[in-house]
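In: sequence and computational prediction follow.
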Amino acid sequence: MKESLSTAMKRQFDHLHATPEVSWSEVETTNYLVQQLEAMGLQPKRFLNMTGLYVDIGKGTPRVGLRTDIDALWQEVDGEFQANHSCGHDGHMTMALGAAKILAERQSGAVRILFQPAEEKGNGALALLDAGVIDSLDYLFGVHVRSLVELPEGTHSPALHHGAARMIRGTITGVEAHGARPEEGINAIEAATALVDALKRIWIQPGKSGSIKMTQIQAGGTAVNIIPGTATFSLDCRAQQNDTMDKLMEGLDRAIKSVEELYTVKIDTHVGAAIVAAQVDQDAASLLKQAITEIVGEEHFGDEIVSPGGEDFHYYSFHKPSLKTTMLGLGCGVTPGLHHPQMTFNSSYLVEGAQILARAAELAVQEVEATQ
Ligand SMILES: [Zn+2]
Ligand SMILES: [Zn+2]
């Protein structure tokens, strides 16, 4: 007997949930996904030097894509460090497999499904961009499970407006000296406090949101009678929009130059990690809205969500501005919250998530064909 969509998805979710693997190590996950897709009669393609895969469904070169992430987090669960699917990527993969099954059975035009590694590291999307697998696409839909705070269970949103984030590390180099001879030294702690103060003078427009603050500082050794000559620090920078992040970076440049001049120190910085903000395409969002309404009805359609969190999905349209992207927010009662070691959600909503993604892809294929 042929396995139903919900039975297949439950089996796949149970397997993926029980076998989490961290970013860039999703080896068994990749093998399992390949095997599941091959069992559907599809020909998934692995990447040469990394985990993850993609699969093309239907004839011709796909111009519409769906993307899921596949990695888990490394964290302490019940006193033991382990890989853990606490961001719901097990559910995202299950929805992508479900959408593949629906699309393969319907034969409704070319769609590419991307199974992207290392979302949590923030560089998996960049690796797929490098691999060229986005080049032919005009539309790309992503998905993320959402908490009760953002969406009631069974209510789904056609866009997630994630913010931009940047983690910056820096070093201040002054001159070390004896505590009794401060005039011979340049105290790196004093320069660091001046930098903290200068950061407060970075203004952004009212109505826009963003922040830049020092979150770590180390200076001085065990001796209390030495003027410390070097300090290392970290800055956490957040902005809801990419142009606001640009303003914060311009402000940071000015703050650093002024402190360097005033204290005659050298300040070096480098960006440790960065995520760009969402640029939701309204054509893509309205196709997703239509798909949500068709599958679950207008009463289960949720507003677009503004989230301070980050997602590397937004690198796709950042580096390929012609690509129309949006992310489905699946209201499935995530609790206590994403990345919590005991995070759970109601996995029965994954089936309608798969149906919405498959339908959005079909609508986008029709849209692309109509404008050819
Ligand atoms: Zn996450
Ligand atoms: Zn996630």
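Out: Perfect, I can see it now. Ligands and ions are numbered 1, 2, ... in the order given.
In: what helix or strand is residue 13 located in?
Out: Using DSSP states H and E, the secondary-structure element containing residue 13 is helix 5-18.
In: what comes up buried for the helix or strand that comes right after that helix?
Out: Moving toward the C-terminus from helix 5-18, the next helix or strand (DSSP H and E) is helix 27-39. Within helix 27-39, the residues scored as buried using 16 or more other C-beta atoms under 10 Å are 29, 30, 32, 33, 34, 36, 37. Bear in mind the C-beta positions are built from the backbone N, C-alpha and C, glycine included.
In: low pLDDT regions in this protein?
Out: Low-confidence segments of the chain, defined by pLDDT under 70: none present.
In: residue contacts, the residue nearest the centre of it?
Out: Nearest to the centroid of the C-alpha atoms of the chain, with distances taken as C-alpha atoms, centre = their mean, sits residue 311, at 1.7 Å. When contacts are counted by C-beta atoms under 8 Å, 6 or more residues apart in numbering, residue 311 is found next to 119, 142, 144, 160, 162, 275, 278, 327.
In: where along the stretch 201-350 of the chain do the helices fall?
Out: 242-263, 282-296, 315-319, 350-370 (DSSP state H, counting those that start in this stretch).
In: against which helices or strands is the longest one packed?
Out: The reference is to helix 242-263. Helix 242-263 sits against strand 164-173, helix 188-199, strand 210-219, strand 230-239, strand 266-275, with contacts defined as 3 or more C-beta pairs under 8 Å, 6 or more residues apart in numbering; DSSP states H and E.
In: one more: the second one?
Out: When contacts are defined as 3+ C-beta pairs under 8 Å, 6+ apart, helix 282-296 packs onto strand 139-147, strand 324-334, helix 350-370.
In: apply 10 Å and report the result again.
Out: Judged by 3 or more C-beta pairs under 10 Å, 6 or more residues apart in numbering; DSSP states H and E, the packing partners of helix 282-296 are strand 139-147, strand 156-157, strand 324-334, helix 350-370.
In: want to throw these into JSON lines with mean neighbour count and distance to residue 53?
Out: Listed next are the helices and strands packed on helix 282-296 as JSON lines, based on neighbours: other C-beta atoms under 10 Å; distance: least, C-beta to C-beta, whole Å:
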{"stretch": "strand 139-147", "mean neighbour count": "26", "distance to residue 53": "16"}
{"stretch": "strand 156-157", "mean neighbour count": "26", "distance to residue 53": "26"}
{"stretch": "strand 324-334", "mean neighbour count": "26", "distance to residue 53": "20"}
{"stretch": "helix 350-370", "mean neighbour count": "22", "distance to residue 53": "17"}
